[in-house]
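1. following is a predicted model, sequence given first.
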Amino acid sequence: MVILVTGATGNVGRNVLAQLLDAGETVRVTSRNPAGAEFPSGVEVVRADLTEPATLPAALNGVDRAFLFPTPGHAGGFLDAATAAGLERVVLLSAAAVSDQDGGALGDRHAAVEQAVTASGLAWTFLRPGPFMVNDLRWAPAIRATGVVRAPYGRAVSAPIDERDIAAVAVHALLEDGHEGRAYELTGGEPLSTQERVRILGDVLGRELTFQEQPTEEARQELLDSHVPVEVANAVLALFAAMVDATPELSPWVREVTGRAPLGYADWAANRAADFR
């Protein structure tokens, strides 16, 4: 069996790749620039780009199953090539915003991809994670420089998930039967406010960190300056606002699918501590 991993250099994709290799699977990855790509030995690297549909048939030739990290607005070419290649199943990295009433433009983007996958006739599994723990790496430069974290909505409460847990669910869905037609809402195992995450980071790093509330407009401008579309920036901030003093529902699916509890925020922080030092 050959499994294709798209987005294999991303936070989730690289963990999907690593866990499939640990399981002894044959894995192919796509890259826009294979010559400059660095992947583990034994991984087949094929030049392909979701924004260039003509590159996709070769990447999918002989592939049985695929992990899809979609490029907004460009899923159609992949799905056409996957259908023509006789792909058995696709595991799609989507987002919890699809089913969140405050998901806005972010939810609409992912919902459109889900609808395209469903319409393709391929067997599918959707992964809908909430906030990623790895998103907190955006604080790393400030933590290294000053020990001060500035972020909006310090009392926003979520149940962030470790990217390794998202990958673990993806790998089970790729390798096992019984996940077809399922949409897994994925969270971590503990509700935490932004301020609480900063405190845990400080404990793990062994230093005192300070949280400062950031004005919403300043946070929006930072998103826009990092080339986030305005409608997505507004949707993200609306989600944060809706989380203030919230009691998030904890998903059972990491435990149900993998057979173990979700990794905690302190585990994630210890795993990524070098990024903050």
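-> Structure's in. What do you need?
2. can you tell me the SS state at the residue lying closest to Val29 once chain neighbours are set aside?
-> Leaving out its chain neighbours, the residue that sits closest to Val29 by CB to CB, 6 or more residues apart in numbering is Ala8, at 4.0 Å. From N, CA and C alone the C-beta is placed, and that goes for glycine too. Classification of Ala8 by DSSP: H, G, I helix; E, B strand; the rest coil places it in coil.
3. would you confirm that Ala8 contacts Ala18?
-> No. Using CB atoms under 8 Å, Ala8 is not in contact with Ala18, being 9.6 Å away.
4. neighbour count for the two, which is higher?
-> For Ala8 versus Ala18, neighbours defined as other CB atoms under 10 Å are more numerous around Ala8 (25 against 16).
5. that one: what's it in contact with?
-> 14, 16-17, 29-31, 39 (CB atoms under 8 Å, 6 or more residues apart in numbering).
6. please apply the same query to His172.
-> By CB under 8 Å, 6+ apart, the contact set of His172 is 179, 257-258.
7. same check, this time on Gly42
-> Gly42 touches Leu21, counting by CB under 8 Å, 6+ apart.
8. quick one: stretch 95-102 to chain centroid distance?
-> Offset of stretch 95-102 from its chain centre (CA atoms, centre = their mean, to the nearest Å): 14 Å.
9. tell me the mean pLDDT over it?
-> The average pLDDT for stretch 95-102 rounds to 78.
10. next, the buried residues of it.
-> Of the residues in stretch 95-102, 95-98, 100 count as buried by neighbour count, 16 or more other CB atoms under 10 Å.
11. just those residues now: which is nearest Ile200?
-> Ala96 (21.8 Å; CB to CB).
12. isn't that closest one right next to Leu186, touching?
-> Yes. Contact status for Ala96 versus Leu186: in contact at 7.4 Å, counting by CB under 8 Å.
13. now the common contact residues for those two.
-> Contacts common to Ala96 and Leu186, judged by CB under 8 Å, 6+ apart, are 128-130.
14. highest neighbour count among those?
-> In terms of neighbours by other CB under 10 Å, the shared contacts of Ala96 and Leu186 top out with Pro129 at 26 neighbours.
15. surely that residue and Val98 touch.
-> No. Applying CB under 8 Å, one finds Pro129 not in contact with Val98, separated by 10.8 Å.
16. re the thing from before, which of the contacts of His172 count as buried?
-> Among the contacts of His172, those scoring as buried are 179, 257 (criterion: 16+ other CB under 10 Å).
17. contacts for the helix or strand harbouring Leu201?
-> When elements are assigned from DSSP states H and E, Leu201 belongs to helix 194-205. Contact with helix 194-205 is made by 136, 139, 143, 149, 151, 153-156, 160, 192, 208-211, 265-266, 269-270, 273, 276-277, as judged by CB under 8 Å, 6+ apart.
18. ok, back up a step: what's the closest of the contacts of Ala8 to Ala82?
-> When those are compared for distance to Ala82 (CB to CB), Thr30 comes out closest, at 12.3 Å.
19. doesn't the closest one fall inside a strand?
-> Yes. Under three-state DSSP, Thr30 falls within a strand.
20. spatially nearest residue to it (excluding sequence neighbours)?
-> Using CB to CB, 6+ apart, the closest residue to Thr30 is Ala48 (4.0 Å).
21. ok, what's across the strand from Arg182?
-> Thr125 (DSSP bridges).
22. state the distance from it to Leu122.
-> From Arg182 over to Leu122 the distance is 14 Å, taken as CB to CB, to the nearest Å.
23. which one's more surrounded, those two?
-> Set side by side, Arg182 and Leu122 show more neighbours around Leu122, with 19 against 13, by other CB under 10 Å.
24. please report how far the more buried one lies from Asn15.
-> In terms of CB to CB, Leu122 sits 23 Å off from Asn15.
25. now do Gly76
-> 27 Å.
26. between these two, point out the one with more neighbours.
-> Neighbours were counted for Gly76 and for Asn15 using other CB under 10 Å; Asn15 has more, 21 against 14.
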